[in-house]
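Novice: no sequence on this one, just coordinates:
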């Protein structure tokens, strides 16, 4: 009788440890795939982590696009109309990328305050703006109106 209880206890401990391991692996995988969005104002305030993959976005400032000759490397500024963020990107920009339009970039914030993008996403029609950019711009507009 004692051996049967011991086998049951070992079986239960084994099942619980396997479930805990599986849960730990799932949480680890989810943590690696979460890319939080930060506006230029949040980045300027120091809220964004350095050297961690995040999303940043806003409106592309007119006249800020600078291409390096004989290269696919370029830089531009995005703004939430309160702060600007310099983004550097190497690659081909989406066809719909334009100055004065909303974009979201995926990449890492360097220690010098420049955002190094690995991917740039642009709007898909004239009325669409990425939800994160819309929310950030609305919150900046509300806070600037309440300060008057």
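Specialist: Nice, I can see it. If you're wondering where the values come from, they're calculated on a predicted model, not measured in any experiment.

Novice: How about the spatially most central residue of the chain, nearest residue that isn't a chain neighbour?
Specialist: Centroid-nearest residue in the chain, with CA atoms, centre = their mean: residue 55, separated by 1.6 Å. Among residues not flanking residue 55 along the chain, residue 37 sits closest, at 4.5 Å (CB to CB, 6 or more residues apart in numbering). C-beta here means a position set from N, CA and C on the backbone, and glycine is covered the same way.

Novice: Quick check, the one you found in contact with residue 106.
Specialist: No - contact criterion CB atoms under 8 Å: residue 37 and residue 106 do not qualify, at 9.8 Å.

Novice: And the contacts of stretch 17-35?
Specialist: 53, 54, 55, 106 (CB atoms under 8 Å, 6 or more residues apart in numbering).

Novice: Out of these, which sit inside strands?
Specialist: 53, 54, 55, 106 (DSSP state E).

Novice: Spell out for me the ChimeraX command that would select the buried members of those residues.
Specialist: To isolate the buried members of the ones in strands among the contacts of stretch 17-35 in ChimeraX, using 16 or more other CB atoms under 10 Å:
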select :54,55,106
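
Novice: now the ones in strands among the contacts of stretch 17-35 in a markdown table, with distance to residue 23 and pLDDT?
Specialist: Formatted as a markdown table, those follow (distance: CB to CB, whole Å; pLDDT from 0 to 100):
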| residue | distance to residue 23 | pLDDT |
| --- | --- | --- |
| 53 | 23 | 87 |
| 54 | 25 | 89 |
| 55 | 27 | 90 |
| 106 | 27 | 92 |
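
Novice: now, which of the ones in strands among the contacts of stretch 17-35 sits nearest residue 14?
Specialist: Residue 14 has its nearest neighbour among the ones in strands among the contacts of stretch 17-35 in residue 53, at 36.2 Å by CB to CB.

Novice: so which helix or strand takes in residue 59?
Specialist: strand 53-60 (DSSP states H and E).

Novice: Relative to the whole chain's centre, how far out is the helix or strand following that strand?
Specialist: For strand 53-60, the succeeding helix or strand toward the C-terminus, using DSSP H and E, is strand 66-67. On the basis of CA atoms, centre = their mean, to the nearest Å, strand 66-67 is displaced by 23 Å from the centre of the chain it belongs to.

Novice: Thank you kindly, that will do.
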